[in-house]
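Visitor: Compute the structure for the input listed below.
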Amino acid sequence: MRKIFVVIERRADYSRFRSILLKLKEDPFFKLHLVVTGICLLKNHGNDINYIKEDGFEIAAEIPMFKNNSKDSGAEMVRSMSRFMLKVVDELEKFKPHLVLSGFDIGANFAVTVAAAHMNIPVVHIQGGEITGSIDESLRHAMSKFAHIHFPATEMSKERLIRMGENPKSIYVVGCPSIDTLISATIIPREDLEKEFKVDFSKPVALVIQHPVTTTNKESFKQIEETIEAVKDLKIQTIVLLPNNDAGYSDIIKSLKSSKLKYFPSLSPIKYSNLLRNIWVLVGNSSSGIHEALTFNIPVVNIGMRQQGRERAKNVIDVPHDRKAISKAIQKALFDQKFKNLIKKMVNPYGNGKSSEKIVKLLKEISLEGVIQKKFYE
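Guide: Numbers count the residues shown, from 1 in each chain. Take a look at the predicted model:
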């Protein structure tokens with residue numbers, strides 16, 4: 001038996017972990033210890049812990065990170081990570097995992113990565129080596145230096161990890177596991193989705209997901225206002241998902257709630273997958289636009305710096321926080337038939353939905369002997 005420790009903080013990391021967790025749960029070789037924290041425990045962000053429970057997972061521990069009515073600031077992000085790190089150490093001591101499966105660029109996963117490394121517990125990090133800028137990139141690269149085994153999504157990310165001094169023998173390219181979750185989701189009839197979201201998918205529908213950028217968090221209100229005005233000017237059907245709670249989020253939520261656009265705090269992975277299958281364009285700065293949208297031939301209008309430098313296919317149109325530029329890009333995504341036909345021929349650089357299968361096979365077979373003793377590889 002191999003004991004695996006996993007932390008989930010947000011809908012984004014649950015969507016990436018979900019297909020892996022389902023396979024781990026089904027395999028008697030593994031014993032899973034699942035800790036839920038972050039905005040998954042917050043009602044005003046959708047209580048995503050309920051989706052995790054609905055999927056049949058046993059939750060070993062719930063660790064609150066955020067206080068009610070906490071300040072919207074970088075300082076509070078640090079306090080929340082420190083609260084979580086203090087408590088997750090107890091869970092690590094209690095469960096004594098053979099390895100921690102960590103991932104991405106999220107505060108709670110950063111905290112458990114650092115804690116496990118200090119406790120001589122091997123850490124496997126998913127999707128290291130990607131570039132985005134802001135605090136996300138710093139967290140991601142720091143996690144790679146604390147981690148012992150790497151599961152990047154692409155060959156380009158693998159090469160960056162090698163340049164960072166990671167041993168090539170510890171790096172395995174696996175793709176992006178959130179694609180697995182989307183592809184495997186139960187299909188909801190289109191008419192049922194139309195009733196629930198009150199839209200007509202035979203006409204243009206935009207999905208807006210715009211998170212704060214921590215390095216420009218004071219400009220969040222102005223940035224989301226440009227996006228809102230662009231979609232309003234076009235008079236297209238619009239569905240909005242509220243942002244995560246990185247510094248700057250409260251201004252975005254305030255603006256969205258007063259915009260009269262249709263918004264949802266969160267969605268289950270199954271509903272999100274079905275929505276993504278049917279929308280006409282994804283607008284904002286979510287990594288879902290970079291990693292996942294092409295799987296369903298969806299064009300993306302990527303706004304601002306949050307995904308700057310990240311490897312992407314040409315279904316992504318990059319624009320600044322300017323309503324005219326955003327509007328022009330959305331119109332291209334919706335009505336440029338040549339562009340839409342090209343998207344149908346594109347291949348997603350982040351994989352084809354086989355990532356979780358590769359990851360679970362590696363988790364079962366990979367040797368942990370000697371991995372704790374890291375050094376810069378030259």
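Visitor: quick one: contacts for the residue nearest to Phe66 when sequence neighbours are not counted?
Guide: Nearest residue to Phe66 in three dimensions, chain neighbours excluded: Ser80, at 5.3 Å (Cβ to Cβ, 6 or more residues apart in numbering). C-beta: built from backbone N, CA, C; applies to glycine. Contacts for Ser80 (Cβ atoms under 8 Å, 6 or more residues apart in numbering) come out as 38, 65-66, 70, 107.
Visitor: ok now the helix or strand containing Glu159, how far from the chain's centre?
Guide: Taking DSSP states H and E as the definition, Glu159 sits inside helix 155-163. Put simply, helix 155-163 sits 20 Å off its chain's centre (Cα atoms, centre = their mean, to the nearest Å).
Visitor: Residues touching the helix or strand following that helix, excluding its own?
Guide: Helices and strands here follow DSSP H and E; after helix 155-163, the next one along the chain is helix 177-184. The contact list for helix 177-184 (Cβ under 8 Å, 6+ apart) reads 15-20, 126, 269, 272-273, 276, 288, 291-292, 295-296, 348, 350-357, 359.
Visitor: Among the residues you listed, name the buried ones.
Guide: For those, a burial check counting by 16 or more other Cβ atoms under 10 Å picks out 15-20, 126, 269, 272-273, 276, 288, 291-292, 295-296, 348, 350-351, 353, 355-357, 359.
Visitor: tell me which residues in stretch 132-151 are buried?
Guide: 132-137, 139-141, 143-151.
Visitor: cool, stretch 74-92 as well?
Guide: Those would be 76-77, 79-81, 83-85, 87-89, 91-92, for stretch 74-92 by 16+ other Cβ under 10 Å.
Visitor: Which of these fall within helices?
Guide: 76-77, 79-81, 83-85, 87-89, 91-92 (DSSP state H).
Visitor: any chance of these in CSV, plus distance to Ala247?
Guide: Output for those, formatted as CSV (distance: Cβ to Cβ, whole Å):
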residue, distance to Ala247
Glu76, 7
Met77, 6
Arg79, 12
Ser80, 11
Met81, 13
Arg83, 16
Phe84, 17
Met85, 19
Lys87, 22
Val88, 22
Val89, 25
Glu91, 27
Leu92, 28
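Visitor: and which of the residues you listed is nearest to Ser202?
Guide: Met77 (42.1 Å; Cβ to Cβ).
Visitor: contacting residues around the residue nearest to Gln210 when sequence neighbours are not counted?
Guide: What sits nearest to Gln210 in space, not counting adjacent residues and going by Cβ to Cβ, 6+ apart, is Gly284, at 3.7 Å. Neighbouring residues of Gly284 by Cβ under 8 Å, 6+ apart: 208-211, 227, 301-303.
Visitor: residues contacting Asn302?
Guide: Contacts of Asn302 (Cβ under 8 Å, 6+ apart): 284-285, 289-290, 312, 316-319.
Visitor: What are the phi and psi values at it?
Guide: Backbone torsions of Asn302, given as degrees, to the nearest 10, read phi -100, psi 120.
Visitor: Ok, the one 3 residues further on next?
Guide: Backbone torsions of Met305, given as degrees, to the nearest 10, read phi -100, psi -10.
Visitor: Next: Phe201.
Guide: phi -70, psi -10.
Visitor: That one contacts Arg190, correct?
Guide: Yes: using Cβ atoms under 8 Å as the test, Phe201 is close enough to Arg190 to be in contact (6.1 Å).
Visitor: Break down the stretch 251-378 of the chain into its helices, ranges please.
Guide: Ranges of helices within the stretch 251-378 of the chain are 269-278, 287-291, 323-335, 337-345, 355-365, based on DSSP state H, counting those that start in this stretch.
Visitor: Of those, give the one that comes closest to Cys176.
Guide: Smallest distance to Cys176 across those (Cβ to Cβ): 4.7 Å, for helix 287-291.
Visitor: And the average pLDDT for the closest one is what?
Guide: Throughout helix 287-291, pLDDT has a mean value of 98.
Visitor: Give me the distance between it and the centre of its chain.
Guide: On Cα atoms, centre = their mean, the centre of helix 287-291 falls 8 Å from that of its chain.
Visitor: List the contacts of it.
Guide: 12, 132, 153, 176, 178-179, 209, 276, 282, 300, 302, 307, 310-312, 316, 350.
Visitor: do that again at 7 Å, thanks
Guide: 12, 176, 178, 209, 282, 300, 302, 307, 310, 312, 316, 350 (Cβ atoms under 7 Å, 6 or more residues apart in numbering).
Visitor: Same check on stretch 208-220?
Guide: 74, 134-135, 224, 227, 231, 238, 240-241, 243-244, 246-249, 251-252, 283-286, 288, 303-306.
Visitor: try 8 Å
Guide: 74, 77, 133-136, 223-224, 227, 231, 238-241, 243-244, 246-249, 251-252, 261, 282-286, 288-289, 303-306, 321.
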